[in-house]
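Novice: pasted the sequence and its predicted model underneath.
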Amino acid sequence: MTSSPASVSPVHVIGGGLAGSEAAWQIAQAGVPVILHEMRGVPGVKTDAHQTDGLAELVCSNSFRSDDWEYNAVGLLHAEMRALDSIIMASGDANQVPAGGALAVDRDGFSQAVTARLEAHPLITIVREEIAGLPPEDWDNVIVATGPLTSPALADAILKATGEESLSFFDAIAPIVHADSIDFDIAWRQSRYDKEGPGGDAAAYVNCPMDKAQYEAFIDALLDGPKAEFKDWENVPYFDGCLPIEVMAERGRETLRHGPMKPVGLTNPRDPKVKPHAIVQLRQDNALGTLFNLVGFQTKLKHGAQAETFRMIPGLQNAQFARLGGLHRNTFLNSPKLLDRQLRLKALPRLRFAGQVTGVEGYVESAAMGLLTGRLAAAQALGRDLSAPPPETAIGALVEHITGGHLEGSKFQPMNINYGLLPPLEAPKVDEDGKRIHPKERGRAKKRLQSLRALDSLKAWRDA
């Protein structure tokens with residue numbers, strides 16, 4: 001750590017969750033003073049989800065998910081953050097509890113550790129206050145890391161600055177699968193009635209056919225599957241345009257055949273004379289073409305039931321899910337439109353955003369965006385140029401997703417880190433010793449190559 005030059009103005013970080021805590025740590029470690037503003041701890045001020053006034057409080061699970069850097073994208077993100085002196089990862093490692101291959105933590109010990117380290121840092125000042133409205137104009141370097149429960153006053157001020165209609169969305173999210181896990185011996189590409197889209201593509205959709213027995217079994221699974229409940233504070237309404245598929249199924253067994261699973265305008269090239277009883281369509285979800293979403297399949301089925309039920313769809317029997325579906329309240333920016341590659345608000349460049357409000361999901365992803373914005377803000381304060389890590393890294397892939405990796409014209413949706421966000425590689429056919437890799441193991445081997453490439457790229461970025 002270097003001492004702070006007398007001429008360097010402090011960076012202001014709003015929000016003391018995982019992203020804000022990580023951002024403050026990275027700024028201070030770069031030798032720049034930081035003021036961390038947290039509204040929890042102010043008398044009469046609270047959120048609907050937090051229980052304490054500790055920094056980096058975990059409000060849901062105590063798991064940071066898989067710690068396997070070789071074959072799991074979130075484990076890769078762990079490794080990248082450790083390589084960048086992450087306070088969140090260091091505190092998690094120091095407060096680990098048994099969880100098999102996952103990194104789970106003692107939530108109280110974890111929060112206490114983060115709080116103690118931030119309070120003890122000579123360049124960090126923690127101020128317990130609510131920032132109501134936009135930060136003062138003389139704050140020229142600000143990180144907003146207020147999470148999914150951003151205070152109404154600040155959210156309204158951001159809305160006015162951006163001209164957006166809403167920051168609070170009732171997400172209707174359909175499951176997303178990795179393209180290379182779709183069985184194209186069963187599925188085929190075709191747009192309904194062969195209609196060309198804006199890009200001139202008449203085969204923009206992937207189609208999975210069902211016969212009557214398969215459809216009936218699928219409807220039974222939707223109706224019988226366990227459903228997740230809304231949290232008390234969510235108050236999530238159903239809109240006709242985003243009804244969960246199980247709610248549609250409850251309205252009649254034929255409803256889905258006349259809705260998202262209608263079999264008209266499509267012909268199975270392998271059996272053109274037989275019309276499927278129903279068809280599930282998938283649409284490309286990212287610019288890389290590595291991810292596809294199930295069209296119209298927003299759902300409140302619990303995650304375990306989702307994976308089991310959706311693998312009943314012919315062509316998706318081996319589907320690997322980049323994310324599962326849901327319907328819940330969330331607060332996030334339309335980041336591809338509003339943020340630049342420095343995660344600055346285009347309308348007010350003195351404001352950077354970090355954490356879940358940017359359109360990432362998960363503890364570690366949120367903290368990773370805090371880590372990056374902290375480094376970017378510190379570089380700005382010191383008059384240095386710094387860009388985001390390359391998209392081959394997990395951190396860089398998340399930045400790419402939230403600032404432009406989605407398809408133009410499609411609705412931006414939050415995302416956990418997954419290999420589908422990284423630039424693809426060819427699956428290797430032989431291992432490092434020249435031995436043939438069984439076709440079923442090639443996908444796993446490809447993940448390891450992507451991870452090795454990511455760590456090499458991150459090291460080069462860090463050390464540049």
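Specialist: Right, received. Where do you want to start? Since the structure is predicted, the reported quantities are computational estimates derived from the model, not experimental observations.
Novice: Val360: how many residues sit nearby?
Specialist: As a burial measure, Val360 scores 25 neighbours (other Cβ atoms under 10 Å). C-betas here are computed from N, CA, C, even on glycine.
Novice: likewise for His303?
Specialist: The burial count for His303: 16, using other Cβ under 10 Å.
Novice: and the helices in this structure?
Specialist: For the chain, the helices defined by DSSP state H cover 18-29, 73-83, 87-94, 107-120, 152-162, 212-224, 245-250, 303-310, 335-338, 363-381, 394-400, 442-463.
Novice: which one, of these, ends up nearest to Lys411?
Specialist: Between Lys411 and the helices of the chain, the tightest spacing by Cβ to Cβ is seen for helix 335-338, at 10.4 Å.
Novice: got a list of contacts for the closest one?
Specialist: Applying Cβ atoms under 8 Å, 6 or more residues apart in numbering, the external contacts of helix 335-338 come out as 162, 164, 345-347, 353, 358-359, 402-406, 412.
Novice: what's the most distant pair in those residues?
Specialist: Put simply, by Cβ to Cβ the two of the contacts of helix 335-338 set farthest apart are Ala347 and Gly405, 21.3 Å from each other.
Novice: which one's more surrounded, the two?
Specialist: Gly405 (20 against 13).
Novice: the more buried one contacts Thr290, doesn't it?
Specialist: No - Gly405 is not in contact with Thr290 according to Cβ atoms under 8 Å; the separation is 10.1 Å.
Novice: which neighbours do those two share?
Specialist: Taking Cβ under 8 Å, 6+ apart as the contact rule, Gly405 and Thr290 both touch Leu421.
Novice: and the helices of the chain: which comes nearest Val274?
Specialist: helix 212-224 (11.6 Å).
Novice: what residues are up against Asn207?
Specialist: Neighbouring residues of Asn207 by Cβ under 8 Å, 6+ apart: 187-190, 266, 268, 279-282.
Novice: how much space between it and Phe184?
Specialist: Distance, Asn207 to Phe184, by Cβ to Cβ, to the nearest Å: 10 Å.
Novice: doesn't Ala113 make contact with Ala94?
Specialist: Yes - using Cβ under 8 Å, Ala94 is in contact with Ala113, at 5.9 Å.
Novice: quick one on the thing from earlier: export the helices of the chain to a markdown table and append columns for distance to Asp431 and mean pLDDT.
Specialist: Supplementary listing: these in a markdown table, determined by distance: least, Cβ to Cβ, whole Å; pLDDT from 0 to 100:
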| stretch | distance to Asp431 | mean pLDDT |
| --- | --- | --- |
| helix 18-29 | 37 | 98 |
| helix 73-83 | 20 | 98 |
| helix 87-94 | 30 | 97 |
| helix 107-120 | 38 | 96 |
| helix 152-162 | 50 | 81 |
| helix 212-224 | 38 | 96 |
| helix 245-250 | 41 | 90 |
| helix 303-310 | 29 | 93 |
| helix 335-338 | 38 | 89 |
| helix 363-381 | 29 | 97 |
| helix 394-400 | 23 | 97 |
| helix 442-463 | 7 | 97 |
